[in-house]
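Trainee: Provided below for reference: sequence and predicted model.
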Amino acid sequence: MSHSAAESPSVEPPSVESTAPRRPGRNTAQDIALIGVFAALIAVLAFAPPIPVGNFGVPITLQTLGVSLAGLVLGPWRGAAAAGLYVALGLLGLPIFAGFVGGFGVLAGPSAGYLLAFPLMALVTGFIARAVLRRGPVRWRVPLLFLAAIAGSILVNHPMGILGMSINLQVTLGEAFLFDVVFWPGDIVKSLVAAGAAALVHRAAPWILVRG
């Protein structure tokens with residue numbers, strides 16, 4: 001006797017939820033590891049031989065490239081944490097600032113404003129980068145990430161650097177501004193490099209910054 005259709009065993013199709021790839025969620029251990037990695041990256045870039053410019057004691061370094069990358073790749077909070085960790089370790093005495101120096105004594109030097117600006121620079125850069133990656137078209141990703149890096153530099157790093165030079169060198173803000181101008185071409189190049197590198201990272205692992 002044949003079985004009816006109602007009696008035949010049914011096979012349920014796999015649900016969309018079970019077959020869809022899962023995106024990684026928030027992982028505290030992973031976040032801490034990324035913060036440490038990017039703090040170390042900033043330190044490694046600081047070891048590149050600085051290029052002296054002018055006679056005001058602030059050389060061209062690659063530190064800001066690492067800070068921009070931290071904001072562009074990790075986003076605002078983790079990027080700021082990575083830059084803040086780097087600055088904190090340097091102030092505590094580790095020789096990880098440009099020229100292999102460290103300690104609170106650097107706060108009396110002409111570079112103090114630039115160093116203290118790093119966490120806030122990464123924060124601003126990261127906020128803009130996160131908005132770009134969530135809403136901006138993919139084909140415009142590199143130019144928009146470049147603008148995010150430049151914005152962090154112009155809105156935070158340069159103003160605080162100018163203020164620091166004005167205070168520690170005892171010069172006017174106008175004179176400090178003229179000292180700062182020499183860093184602009186290099187910042188444009190470093191922002192382009194950071195944007196290109198960050199775009200490659202987000203193409204390979206978009207979950208690093210944009211989740212869910």
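Mentor: Looks like it arrived, so ask away. Numbering: from 1, shown residues only.
Trainee: what is the neighbour count of Ala46?
Mentor: 23 (other Cβ atoms under 10 Å). Every C-beta, even on glycine, is put in place using the N, C-alpha and C of the backbone.
Trainee: so it makes contact with Ile96?
Mentor: Yes - with contact defined as Cβ atoms under 8 Å, Ala46 counts as touching Ile96 (6.1 Å).
Trainee: any idea which helix or strand in the chain has the lowest mean pLDDT?
Mentor: helix 16-19 (a mean of 40; mean pLDDT, DSSP states H and E).
Trainee: next SSE downstream of it?
Mentor: helix 28-46 (DSSP states H and E).
Trainee: and the next helix or strand after that next one, what's buried?
Mentor: Toward the C-terminal end, the helix or strand that comes next after helix 28-46 (DSSP H and E) is helix 63-74. Across helix 63-74, burial judged by 16 or more other Cβ atoms under 10 Å covers 63-74.
Trainee: show me which of those is closest to Phe38.
Mentor: Ala70 (4.3 Å; Cβ to Cβ).
Trainee: need the contact list for the closest one.
Mentor: 38-39, 41-42, 78-80, 82-83, 122, 126 (Cβ atoms under 8 Å, 6 or more residues apart in numbering).
Trainee: CA atoms only for stretch 102-110, dumped as CSV, please.
Mentor: Provided in CSV are the C-alpha atoms of stretch 102-110 (Å, rounded to 0.1, in the frame of the first residue of the first chain):
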residue,chain,number,x,y,z
GLY,A,102,60.8,59.3,25.6
GLY,A,103,59.7,60.7,28.9
PHE,A,104,57.7,63.7,30.1
GLY,A,105,60.6,65.9,29.0
VAL,A,106,59.3,65.9,25.4
LEU,A,107,56.4,68.0,26.6
ALA,A,108,58.8,70.9,26.9
GLY,A,109,60.0,70.5,23.4
PRO,A,110,58.6,72.0,20.1
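Trainee: how about JSON lines for the buried residues of helix 63-74, with pLDDT and distance to Val193 added?
Mentor: Converted to JSON lines, these look like this (pLDDT from 0 to 100; distance: Cβ to Cβ, whole Å):
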{"residue": "Gln63", "pLDDT": "94", "distance to Val193": "13"}
{"residue": "Thr64", "pLDDT": "95", "distance to Val193": "11"}
{"residue": "Leu65", "pLDDT": "96", "distance to Val193": "6"}
{"residue": "Gly66", "pLDDT": "97", "distance to Val193": "11"}
{"residue": "Val67", "pLDDT": "98", "distance to Val193": "13"}
{"residue": "Ser68", "pLDDT": "97", "distance to Val193": "9"}
{"residue": "Leu69", "pLDDT": "97", "distance to Val193": "9"}
{"residue": "Ala70", "pLDDT": "97", "distance to Val193": "14"}
{"residue": "Gly71", "pLDDT": "97", "distance to Val193": "14"}
{"residue": "Leu72", "pLDDT": "96", "distance to Val193": "11"}
{"residue": "Val73", "pLDDT": "96", "distance to Val193": "13"}
{"residue": "Leu74", "pLDDT": "95", "distance to Val193": "17"}
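Trainee: mind putting the residues you listed into TSV with distance to Leu173?
Mentor: Formatted as TSV, the buried residues of helix 63-74 follow (distance: Cβ to Cβ, whole Å):
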residue	distance to Leu173
Gln63	23
Thr64	21
Leu65	26
Gly66	27
Val67	23
Ser68	25
Leu69	30
Ala70	28
Gly71	26
Leu72	29
Val73	33
Leu74	32
